[in-house]
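# Sequence and computational prediction follow.
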Amino acid sequence: MRIVVIGGTGLIGSKLVTKLGEHGHEAVPASPNTGVNTLTGEGLAEVLDGASVVIDVSNSPSFEDTAVLEFFRTSTGNLLAAEEKAGVGHHVALSVVGTERRPDIGYFRAKVAQEELIKDSGIAFSIVHATQFFEFARRIADEATAGEAVRMPPVLFQPIAGEEVAQTVGRVAVGSPLNGRVDIAGPERFRMDEFFRSALTAWGDEREVVTDPHAHYFGAEMRESDLVPGDGAVLGEIKYADWLASDAGR
């Protein structure tokens with residue numbers, strides 16, 4: 001099966017290309033680095049020729065509200081139009097758990113817009129909602145840092161290993177289209193402030209984690225369950241401490 005991975009040179013995309021190739025599929029990475037630009041349409045017709053499935057794990061270079069909305073509207077619109085012309089039978093997109101709960105948050109609003117375009121396209125689709133990746137924990141801590149303090153809200157937090165995100169997305173891609181979505185998350189549920197307090201200790205990072213109910217994440221105060229899935233989510237098996245001790249975590 002020829003499967004084109006949009007964003008195929010990034011964190012999740014590169015893992016997908018490897019995993020799909022190991023299972024005998026022709027997995028083609030597509031990104032500006034390979035001459036494919038979904039914002040301009042450059043290279044789309046060529047890379048989609050003969051493709052059965054397209055997986056979109058691309059992301060906006062800017063999370064500013066207007067820029068991220070424009071990115072997902074333009075990129076997804078161009079991609080879906082090219083897929084229709086190429087006769088692609090299954091569109092798979094990676095999104096974020098909780099997008100539909102917080103339309104006041106710019107990034108979430110942009111992902112909802114992306115999902116609506118996919119649902120209205122007429123192309124069979126599957127959407128995978130994932131929680132935050134282990135690989136982004138240090139970046140999240142850095143962005144929450146003011147002085148020597150990392151300010152974190154005490155909301156629920158259930159991160160997942162990128163390896164298991166790629167595994168699930170790949171499994172969905174080679175199956176029948178869901179024409180709906182599946183939620184995935186890590187096996188452990190934490191309080192966000194407690195997770196980062198333990199994580200910084202494990203990293204040997206001396207910054208203090210301060211519990212702050214008003215601390216912003218994605219530019220807004222988060223509510224208790226905004227970042228975790230509801231019932232029925234697919235849970236990974238890799239625990240954060242084990243991941244941190246693995247080659248991937250190191």
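Nice, thanks for sending it over.

# Return the set of buried residues in the longest helix along the chain.
Counting residues, the longest helix found in the chain (DSSP state H) is helix 65-86. For helix 65-86, burial by neighbour count (16 or more other C-beta atoms under 10 Å) applies to 68-72, 75-80, 82-83, 86. Heads up, the C-betas are built off the backbone N, CA and C, glycines and all.

# cool, and stretch 188-196?
Across stretch 188-196, burial judged by 16+ other C-beta under 10 Å covers 188, 190-193, 195-196.

# how about those in CSV, adding secondary structure, distance to Val234 and pLDDT?
Shown next, in CSV, are these (DSSP: H, G, I helix; E, B strand; the rest coil; distance: C-beta to C-beta, whole Å; pLDDT from 0 to 100):
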residue, secondary structure, distance to Val234, pLDDT
Glu188, coil, 15, 98
Phe190, strand, 18, 98
Arg191, strand, 22, 98
Met192, helix, 21, 98
Asp193, helix, 26, 98
Phe195, helix, 20, 98
Phe196, helix, 25, 98
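
# Save these as JSON lines, and put in distance to Glu148 too.
Shown next, in JSON lines, are these (distance: C-beta to C-beta, whole Å):
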{"residue": "Glu188", "distance to Glu148": "27"}
{"residue": "Phe190", "distance to Glu148": "23"}
{"residue": "Arg191", "distance to Glu148": "21"}
{"residue": "Met192", "distance to Glu148": "19"}
{"residue": "Asp193", "distance to Glu148": "16"}
{"residue": "Phe195", "distance to Glu148": "19"}
{"residue": "Phe196", "distance to Glu148": "14"}
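
# from those, which is closest to Val112?
Closest approach between the buried residues of stretch 188-196 and Val112, by C-beta to C-beta: Met192, at 22.5 Å.

# who's the nearest residue to the closest one once chain neighbours are set aside bridged to?
Closest residue in space to Met192, ignoring its immediate chain neighbours: Phe157 at 3.9 Å, by C-beta to C-beta, 6 or more residues apart in numbering. Beta bridges link Phe157 to Phe190, judged by DSSP bridges.

# Does Phe157 touch Arg191 like I think?
Yes: judged on C-beta atoms under 8 Å, Phe157 makes contact with Arg191 at a distance of 6.7 Å.

# related to what we said a few turns ago, quick check: angle from the helix or strand just after the longest helix of the chain to helix 65-86?
Sequence order places strand 90-96 as the next helix or strand after helix 65-86, per DSSP states H and E. Per axes from the mean of the first three to the mean of the last three C-alpha atoms, to 10 degrees, the angle that strand 90-96 makes with helix 65-86 is 170 degrees.

# Partner strands of strand 90-96 and their direction?
Strand pairing (DSSP bridges) places strand 90-96 next to strand 53-56 (parallel), strand 125-130 (parallel).

# For the last one, C-alpha coordinates in PDB please.
It refers to strand 125-130. Once non-C-alpha atoms are left out, strand 125-130 reads as follows in PDB (Å, rounded to 0.1, in the frame of the first residue of the first chain):
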ATOM      1  CA  PHE A 125     -11.400   9.700   7.100                       C
ATOM      2  CA  SER A 126     -10.000   8.800  10.500                       C
ATOM      3  CA  ILE A 127      -9.000  11.300  13.100                       C
ATOM      4  CA  VAL A 128      -6.700  10.400  16.000                       C
ATOM      5  CA  HIS A 129      -6.800  12.700  19.100                       C
ATOM      6  CA  ALA A 130      -3.700  12.400  21.200                       C
END
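
# what ranges do the strands span in the chain?
2-6, 26-30, 53-56, 90-96, 125-130, 145-146, 149-152, 156-157, 180-185, 190-191, 208-211, 216-217, 220-221, 234-235 (DSSP state E).

# quick one, which of those strands is packed in tightest?
Across those, averaging neighbours per residue (mean count of other C-beta atoms under 10 Å) puts strand 53-56 on top, at a mean of 28.

# ok, residues contacting it?
With contacts defined as C-beta atoms under 8 Å, 6 or more residues apart in numbering, strand 53-56 is touched by 1-7, 13, 16, 48, 76, 79, 83, 88-94, 169-170, 173-174.
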